[in-house]
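Visitor: Sharing a model that was predicted from the sequence below.
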Protein chains: 2
Amino acid sequence: MGNSKNRAETLAKPGDAAPITAEAVRRRAPKLQSGPLDYGLLKSTTGFPLKVVWIIGYTLLVKHLGDAAITPQRFSMLELIGVNPGASQSQLGTALGLSRPATTLTIDFWQERGCVDRRTEPNDRRSFGIYLTEEGERQLEDLRKRMLTSDKALTANLTDDEIAQLRGLLAKIHQ
Amino acid sequence: MGNSKNRAETLAKPGDAAPITAEAVRRRAPKLQSGPLDYGLLKSTTGFPLKVVWIIGYTLLVKHLGDAAITPQRFSMLELIGVNPGASQSQLGTALGLSRPATTLTIDFWQERGCVDRRTEPNDRRSFGIYLTEEGERQLEDLRKRMLTSDKALTANLTDDEIAQLRGLLAKIHQ
DNA sequence: ACAGATTGTTATCGTCAATAACTGATATTG
DNA sequence: CAATATCAGTTATTGACGATAACAATCTGT
């Protein structure tokens, strides 16, 4: 999606103190569904509203994560490292659908911030085991809270039952 | 999402004659949900599976549209033009969340393919009314079929009731 | 009539992602 | 055991894309 730094800046204005709700994002997000024009067949598909909602969720998450440099993808990597200490870069990258160069850069990012250690594993000295540092644990704990808040904001219009329904249907699509 | 031409080439191999199912795409798509690693908190969110399913749908659509140059976004524009003949570029771009430069290029694309006409409107000579040509009508008719097939493949695991439920829940999120 | 806003186009720039080439380490095979 | 192939990770390069800003033409309002 292009220039993430600039996009994030327009989404998360520094002086934006108001609570971040799905409604607030919707107002500012590109008008994908409302407006004077007829959306024709797009209205009667599943894919189009799926995209719209995904954009809303992505935008919300970027705002809630707070730091424009911490993209959803980078956050996902930190979470994955936290839950799977010692996993190799290949495993982590594959799990997130990243190319190997992209994986390297993502882990570089967290290492430069002191959140992650690369440890050479004695049994296979080609690969690293990736581990959170204490700073990484702290960061992750904070970011997790932000992520959960964001996810709640996304589904604010839904009851708990409906959220469960939605997740069930999504899970059924990708088995 | 980066280099769309190259990505599309890897997704839609020329000699790929097998029917395009959600399952087939899942097998080839980046492993976002399966694998040896634990996804931790990501599993219990709505946003993450939403992204996974959106990627599956996007990938399916790219394959079904057949021509790597015809991206979902470009298709959406053609559909919007077909349903709203005479709309201005601003209106079309706004409806799809495109910047004005991006709108210009998208309409350039269809005009170069002879699918679209820019007609200067007498009441406001700054803007164009955008209209489908006969070739555009033919293209759109074909692409619509492909899109509907793709959307059906995406929800192949769901009953009609479940599809309606899913759309209802998505609609409820973005009101 | 003139300042300001709006429509569309073009140019420029930074960023990102994919590819390929490279290093170092391990596995395989004769 | 030597030669080759494969694998993990890094780096360099390239191309495409999106955002921004500057621009020309037209319209609006006072």
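Guide: That came in fine, so what should we check first?
Visitor: C-alpha only now, for contacts and for neighbours.
Guide: Noted.
Visitor: What strand or helix carries the residue lying closest to residue A:65 once chain neighbours are set aside?
Guide: Spatial nearest neighbour of residue A:65, excluding adjacent residues (CA to CA, 6 or more residues apart in numbering or on different chains): residue A:146 at 5.9 Å. Using DSSP states H and E, residue A:146 maps to helix A:134-154.
Visitor: give the contact list for residue A:53.
Guide: Residue A:53 makes contact with B:170, B:173, B:174, according to CA atoms under 8 Å, 6 or more residues apart in numbering or on different chains.
Visitor: Could you export these to CSV, including columns for pLDDT and secondary structure?
Guide: Converted to CSV, the contacts of residue A:53 look like this (pLDDT from 0 to 100; DSSP: H, G, I helix; E, B strand; the rest coil):
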residue, pLDDT, secondary structure
B:170, 96, helix
B:173, 94, helix
B:174, 86, coil
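Visitor: need these in CSV with neighbour count and distance to DNA strand D, can you?
Guide: Shown next, in CSV, are the contacts of residue A:53 (neighbours: other CA atoms under 10 Å in any protein chain shown; distance: CA to the nearest atom of the strand, whole Å):
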residue, neighbour count, distance to DNA strand D
B:170, 21, 23
B:173, 22, 22
B:174, 18, 20
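Visitor: quick one: which of the residues you listed is nearest residue B:91?
Guide: residue B:174 (20.5 Å; CA to CA).
Visitor: For residue B:111, see how far away the closest one is.
Guide: According to CA to CA, to the nearest Å, residue B:174 and residue B:111 sit 33 Å apart.
Visitor: quick one: low-confidence ranges for chain A?
Guide: Within chain A, the stretches with pLDDT under 70 are A:1-35.
Visitor: how's it carved up into domains?
Guide: As recorded under automatic domain parsing, the domains making up chain A are A:4-69+A:140-173, A:72-132.
Visitor: Could you give the number of residues near residue A:122?
Guide: As a burial measure, residue A:122 scores 10 neighbours (other CA atoms under 10 Å in any protein chain shown).
Visitor: Report the secondary structure state of it.
Guide: Here residue A:122 is coil, with the state taken from DSSP: H, G, I helix; E, B strand; the rest coil.
Visitor: any idea how far DNA strand C is from it?
Guide: As judged by CA to the nearest atom of the strand, to the nearest Å, residue A:122 and DNA strand C stand 7 Å apart.
Visitor: Check residue A:131 too.
Guide: Computed as CA to the nearest atom of the strand, the residue A:131 to DNA strand C distance reads 19 Å.
Visitor: Quick one: the helices in chain A, in order.
Guide: A:4-11, A:22-28, A:47-65, A:72-83, A:89-96, A:100-112, A:134-154, A:160-173 (DSSP state H).
Visitor: Buried deepest among these, which one?
Guide: By mean neighbour count, with neighbours taken as mean count of other CA atoms under 10 Å in any protein chain shown, helix A:47-65 ranks first of the helices of chain A at a mean of 23.
Visitor: what separates that helix from the chain centre, distance-wise?
Guide: Relative to the centre of its chain, helix A:47-65 is centred 10 Å away, using CA atoms, centre = their mean, to the nearest Å.
Visitor: what does stretch A:60-74 give?
Guide: Mean-position distance between stretch A:60-74 and its chain equals 7 Å (CA atoms, centre = their mean).
Visitor: Put together CSV for the contacts of residue A:53, with distance to chain A on each row.
Guide: Formatted as CSV, the contacts of residue A:53 follow (distance: CA to the nearest CA, whole Å):
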residue, distance to chain A
B:170, 6
B:173, 6
B:174, 7
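Visitor: If we only consider those, which is nearest to residue B:123?
Guide: Ranked by distance to residue B:123 (CA to CA), the contacts of residue A:53 are led by residue B:174 at 35.3 Å.
Visitor: Please tell me how far the closest residue to that closest one other than its chain neighbours sits from residue B:139.
Guide: Spatial nearest neighbour of residue B:174, chain neighbours left out: residue A:53 (6.6 Å); criterion: CA to CA, 6+ apart. Applying CA to CA, the value for residue A:53 to residue B:139 is 28 Å.
Visitor: Kindly report the same for residue A:69.
Guide: 42 Å.
Visitor: Pull out the buried residues from stretch A:113-127.
Guide: Using 16 or more other CA atoms under 10 Å in any protein chain shown as the test for burial, stretch A:113-127 gives A:115, A:116, A:117, A:118, A:127.
Visitor: Any residue of it touching DNA strand D?
Guide: Yes. Against DNA strand D, stretch A:113-127 shows contacts by CA under 7 Å from any atom of the strand at A:126, A:127.
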